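*Asks:* how does the following fold in three dimensions:
(one chain, ligands or ions: 2)
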Amino acid sequence: MKSYKEIYEIVKNTLSEYRFFHSQCVANRCVELASIYQVDKDAAKLVGIVHDMAKEMLPEEKVKYCKENHLEIDEIEKDNVGLLHGKIAADIAKKQFGFSEDLCSPIRYHTTGKEDMSLLDKILYVADMTSEDRKFENKEYIINLGNKDLDECVKYILKEGIHLRIAKNKKIHLNSVKALNFFME
Ligand SMILES: [Fe+2]
Ligand SMILES: [Fe+2]
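*Replies:* Numbering: from 1, shown residues only. Ligands and ions are numbered 1, 2, ... in the order given. The predicted structure is shown next:
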């Protein structure tokens, strides 16, 4: 597997300054959450820095990458190609950085969530919303929730995300619905 330093440089050279700053903030927040929930901090930092590395590919590049690498594009993703950046980054992490499935999964699902998320899946999901660079109204509340109850925080973010998409008259990815149903049990 490539070292953090090598991966950091590759991601830095792939993304705009703005997006790389976000990635660094997410990596830092991943480490914070990893220390609270006693998860490997190095693993958390790696998934944080890599998670958005495919975000700035053009829509046609995303579709091309998926076709060439045999990544499935479902109906919702066809409508919302942006969602593909999670699975593309996970594929790059696996093939080019040598990430294990445990590390690929949080990256793959950070855009939608999924049923039965691992601790690291949840950490990246929450870190992506509560990183230093994010600015929104009830941020303090979500940060505190993330620090004291990770499951409740994932559930909260899923609900907010789904509400927002309904308000915008946009389709909901099935993985988000499955993820929320899982937390409703
Ligand atoms: Fe993302
Ligand atoms: Fe992100």
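
*Asks:* for residue 113, which three-state class applies?
*Replies:* Put simply, residue 113 is coil when judged by DSSP: H, G, I helix; E, B strand; the rest coil.

*Asks:* now it: how far from residue 181?
*Replies:* Distance from residue 113 to residue 181, counting by Cβ to Cβ, to the nearest Å: 11 Å. Placement of C-beta: from N, CA and C, glycine included.

*Asks:* neighbour-wise, which of these two wins?
*Replies:* residue 113 (25 against 11; other Cβ atoms under 10 Å).

*Asks:* hmm, the more buried one is touching residue 176, no?
*Replies:* Yes: in this structure residue 113 lies within contact range of residue 176 using Cβ atoms under 8 Å: 5.4 Å.

*Asks:* joint contacts of those two?
*Replies:* Common contact partners of residue 113 and residue 176 (Cβ atoms under 8 Å, 6 or more residues apart in numbering): residue 158.

*Asks:* residue ranges in this structure under the pLDDT threshold?
*Replies:* Within the chain, no stretch has pLDDT under 70.

*Asks:* just give me the longest helix of it.
*Replies:* Identified as the longest helix of the chain according to DSSP state H is helix 17-36.

*Asks:* for the helix or strand just after that helix, packing partners?
*Replies:* Next helix or strand after helix 17-36 toward the C-terminus (DSSP states H and E): helix 41-50. When contacts are defined as 3 or more Cβ pairs under 8 Å, 6 or more residues apart in numbering; DSSP states H and E, helix 41-50 sits against helix 4-14, helix 17-36, helix 85-97, helix 101-109, helix 119-130.

*Asks:* what's in contact with the helix or strand that helix 41-50 is followed by?
*Replies:* Later in the chain than helix 41-50, the nearest helix or strand by DSSP H and E is helix 59-68. Residues outside helix 59-68 that contact it (Cβ under 8 Å, 6+ apart): 54, 57, 71-73, 81-82, 84-85, 87-88, 91.

*Asks:* mind listing what the residue lying closest to residue 8 once chain neighbours are set aside touches?
*Replies:* Closest residue to residue 8 apart from its sequence neighbours, by Cβ to Cβ, 6 or more residues apart in numbering: residue 49 at 5.9 Å. By Cβ under 8 Å, 6+ apart, residue 49 lies in contact with 4, 7-8, 11, 23-24, 26-27.
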